[in-house]
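*Asks:* any chance you could fold what I've pasted below:
(chains A and B)
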Number of protein chains: 2
Amino acid sequence: MGSFIEISEVGPRDGLQSIKRIMPLAAKKAWITAEADCGVPEIEVGSFVPAKILPQLADTAKLVAHARSIDGLKVAVLVPNLRGAQDAIKAGTHKITIPLSASETHSLANVKRTHKQMLAAVREIANLIKSAPKNKRPLFEGGISTAFGCTLEGAIPKAKILELAHALMDAGCDEVGLSDTTGYATPDHVISLVKAVKNVVGEQNLKGLHLHNTRGLGLTNVFAALEHGITTIDASLGGIGGCPFAPGASGNIVTEDLVFMLDSMGFKTGIDLGALLKVRDIVTDALPGEPMYGFIPDAGLPKS
Amino acid sequence: MGSFIEISEVGPRDGLQSIKRIMPLAAKKAWITAEADCGVPEIEVGSFVPAKILPQLADTAKLVAHARSIDGLKVAVLVPNLRGAQDAIKAGTHKITIPLSASETHSLANVKRTHKQMLAAVREIANLIKSAPKNKRPLFEGGISTAFGCTLEGAIPKAKILELAHALMDAGCDEVGLSDTTGYATPDHVISLVKAVKNVVGEQNLKGLHLHNTRGLGLTNVFAALEHGITTIDASLGGIGGCPFAPGASGNIVTEDLVFMLDSMGFKTGIDLGALLKVRDIVTDALPGEPMYGFIPDAGLPKS
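*Replies:* Predicted coordinates:
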C-alpha cells in the first residue's frame, strides 16, 4: 500500500445542512482554513441551493471565494440543478457534484425531479461547463445517492445503479460517485457495486464514495472499498451530518477516525491528525451543544 | 463465503467484570438462556477468580452449571491460574481460556505474575486436564492479551507475541487466541499478526480474536481477520465491558452489530438478530442506567 487516498471533508456542506442552526460565516471560514492547514486536500464548502430551502448554506458563494484563496485546496460544492451550476462556475468552484438519487421516490422528495428530469439537467450542466473558459471549467461528478438502498423504497436493484451510472457519463459527467445516503451499505455490497460500476464506467471514472456510519460499518465499508480501487472518501469532522430528507439517516464517517485508520494502513492522506483533532474546537465553539462524534477524539491515539 | 463464524458472547464475563454493580444471579441466568435461545453458540459465563478480586463474577460455578443444562451451548470461562482451572473442570466447563498478557508490565499489574510464572501455570493446567476423565476435559485456550499493544508498555514486538504463542502451545494449550485488550488493533496489524501466529502455531491452532472497539475499528478488524482464516470472534451484547486493569481500554465489539455485518456478508452465525436485540432488555432491567452501545439497536435494520 502506501498510495495516496484523498479525503474530502464534507462537514461544511453535509454536516451543516442537517443542523438547524446557522453557523456564522466567520466560523465556517475559520473551519475551512484550519482543515486546509491540517493538509485536508478537498473540502465541500457548501451547496448552491435556494436559501429558503437550506438557509444554513446560503453563504456558499462567499465560502467558495474564501476557500479558493487557500493555496492547493480543491474547492467542491453540491449543485441540484443548472442554476446551481451557473452559480458554482461563476464562483470559481474546482469540482461540482450533482446528486442523482437512485431511488426515484427519494429524488422526488429531495429535489422534486424524476430521473429523466435530473439527467436532462446533467446534460445542460455539461454543456454549460464546455462553454466556459478553460480555466473556469470544474470537474463534474454525478453522485448516485441512495445507491445502497433507500429508507422509502428499500433495496435498489443493481441494474438500476448501472443504468444511472452509464446515463450520467453519457450525459457528460467526468466521473461518478456512489453515495450511501441511508447508511445501508455493507462491505460485500460495497465491493459488489464498486466492481460493477467500474466495469460500466471504466476503472478511472469511479473514484469516490460517500458513506455514512449509521449502522457502524462506515470504516469497514471504506476498508473494503480501498481493496477495490476507491481512492476518494468523503468524511465529516466529528461525523456531523446526514441527509435531512432521508428519515433515519445519520452520521457521516468521522474524518478523524478515517485518518487514523488510513495512517495505520500506511496510506498517505497528507493530513496531520494531531492538528485535525484541534479543529473540532472551532465547530463546538460556533455550535455549542451540537454533538460531535468520533472514537479517536474520545480514546486518543495509542501509546507508541 | 457462507461458512460458519462462531460468535462467543463474553458479556457475562468481560462485560460484567468492568461494571462495579453485581448483576443478580437470576438475571445472569436469564441473559445466558435468552442468548442461547437466539442461537449464540458459545458464552463465556464468568471467570474463576477469587471473589475478593472480582465479586461481580463470584457466582461463576453456578452459571457454568446453569449454562451446561442448555442443550448445545458451549460453556466457556476464563481462569487466571491452576486453582481456577480446578474449579472450572469441577464445574464441567467446556472451554477454559487462560490470559497471558504479552506486556509483562500488564501481566504483573493484572495477575501479579511474570511470563515465566504464567507459563508454568499453563503447564500445570495442561497436566491437570490430561489427568481428568475424558468427558471432563475442557478445550484449553491460551489467550494472548495486549497482543496489539499495551497502555503501559506501548507497542509489543511481534517476536514477543510469536515467542509466547509457541510457548503456550508447547506448554500444552490446544489453541491460542489473540486479544486486543487495549483497543490498539488496526486492520493491517491484525492481518500481519494473524498470519505470523498461524505460521508459528499452525493454521488450525489460532481460531479466535478478542477485539475491542475503543478506536472505532472493531468491526473493520473483524472484517480483515475473516479474510485471513479467523473463525471465532468474541463480542458482548451492547458492547459492555473492557479491561478494568488497562487504563483507557473500553468497549467490546457489539454482538448485535457483529451479527448484522456477518449476516450481510453471507456468513452463518446461527443467531437470530431480531431475537438478540430483545435480549438487551434483560441487561438494562438488571443494571438500570448502565450504558448499552450498538449502531443496529439505534438505527434498526435496513428496509428490505
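*Asks:* where do the strands sit along chain A?
*Replies:* Under the criterion DSSP state E, strands of chain A are mapped to A:6-9, A:42-47, A:74-78, A:95-101, A:139-145, A:175-179, A:206-210, A:232-235.
*Asks:* how about the ones you listed, which one is nearest A:Arg68?
*Replies:* strand A:74-78 (5.5 Å; CB to CB). Placement of C-beta: from N, CA and C, glycine included.
*Asks:* please save the CA atoms from that closest one in PDB.
*Replies:* Provided in PDB are the C-alpha atoms of strand A:74-78 (Å, rounded to 0.1, in the frame of the first residue of the first chain):
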ATOM      1  CA  LYS A  74      -9.600  21.700  -4.000                       C
ATOM      2  CA  VAL A  75     -12.900  23.500  -3.500                       C
ATOM      3  CA  ALA A  76     -16.000  21.400  -4.100                       C
ATOM      4  CA  VAL A  77     -19.700  22.100  -3.900                       C
ATOM      5  CA  LEU A  78     -23.000  20.300  -4.400                       C
END
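*Asks:* which positions within that strand qualify as buried?
*Replies:* Buried residues in strand A:74-78, counted by 16 or more other CB atoms under 10 Å in any protein chain shown: A:74-78.
*Asks:* same question for stretch A:92-110.
*Replies:* Buried, per 16+ other CB under 10 Å, within stretch A:92-110: A:93-104, A:106-107, A:110.
*Asks:* greatest separation within those: which pair is it?
*Replies:* A:His94 and A:Glu104 (30.2 Å).
*Asks:* quick one on the thing from earlier: any chance of the buried residues of strand A:74-78 in CSV, plus distance to chain B and pLDDT?
*Replies:* Compiled in CSV, these are given as follows (distance: CB to the nearest CB, whole Å; pLDDT from 0 to 100):
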residue, distance to chain B, pLDDT
A:Lys74, 26, 98
A:Val75, 29, 98
A:Ala76, 25, 98
A:Val77, 29, 98
A:Leu78, 24, 97
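*Asks:* using CSV, lay out the residues you listed together with distance to B:Ala26.
*Replies:* Shown next, in CSV, are these (distance: CB to CB, whole Å):
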residue, distance to B:Ala26
A:Lys74, 60
A:Val75, 61
A:Ala76, 57
A:Val77, 59
A:Leu78, 55
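*Asks:* where does pLDDT dip in the stretch 1-150 of chain A?
*Replies:* A:1-2 (pLDDT under 70).
*Asks:* recalculate using a threshold of 50.
*Replies:* A:1 (pLDDT under 50).
*Asks:* near chain B, which residues of the stretch 101-250 of chain A?
*Replies:* For the stretch 101-250 of chain A, the residues in contact with chain B (CB under 8 Å from any CB of the partner chain) are A:149-151, A:153-155, A:182-184, A:186-189, A:213-217, A:219-220, A:222-224, A:248, A:250.
*Asks:* which residue does the stretch 1-150 of chain A bring closest to chain B?
*Replies:* Using CB to the nearest CB, A:Gly149 is the residue of the stretch 1-150 of chain A that sits closest to chain B, at 5.6 Å.
*Asks:* give me the distance between that residue and B:Pro133.
*Replies:* For A:Gly149, the distance to B:Pro133 (CB to CB, to the nearest Å) stands at 54 Å.
*Asks:* give me the more crowded residue out of those two.
*Replies:* Neighbours were counted for A:Gly149 and for B:Pro133 using other CB atoms under 10 Å in any protein chain shown; A:Gly149 has more, 23 against 7.
*Asks:* which residues are in contact with the more buried one?
*Replies:* A:155-156, A:182, A:184-185, B:302-303 (CB atoms under 8 Å, 6 or more residues apart in numbering or on different chains).
*Asks:* just give the nearest non-adjacent residue to it, would you?
*Replies:* Leaving out its chain neighbours, the residue that sits closest to A:Gly149 by CB to CB, 6 or more residues apart in numbering or on different chains is A:Tyr184, at 3.6 Å.
*Asks:* surely the one you found touches A:Ala147?
*Replies:* No - A:Tyr184 lies out of contact with A:Ala147 (CB atoms under 8 Å); the separation is 9.1 Å.
*Asks:* now the buried members of the contacts of A:Gly149.
*Replies:* Here, 16+ other CB under 10 Å leaves A:156, A:182, A:184-185, B:302 buried among the contacts of A:Gly149.
*Asks:* residue ranges for the helices of chain A, please.
*Replies:* A:16-17, A:25-38, A:60-68, A:82-91, A:104-111, A:115-131, A:158-170, A:187-201, A:218-226, A:255-264, A:273-286, A:295-299 (DSSP state H).
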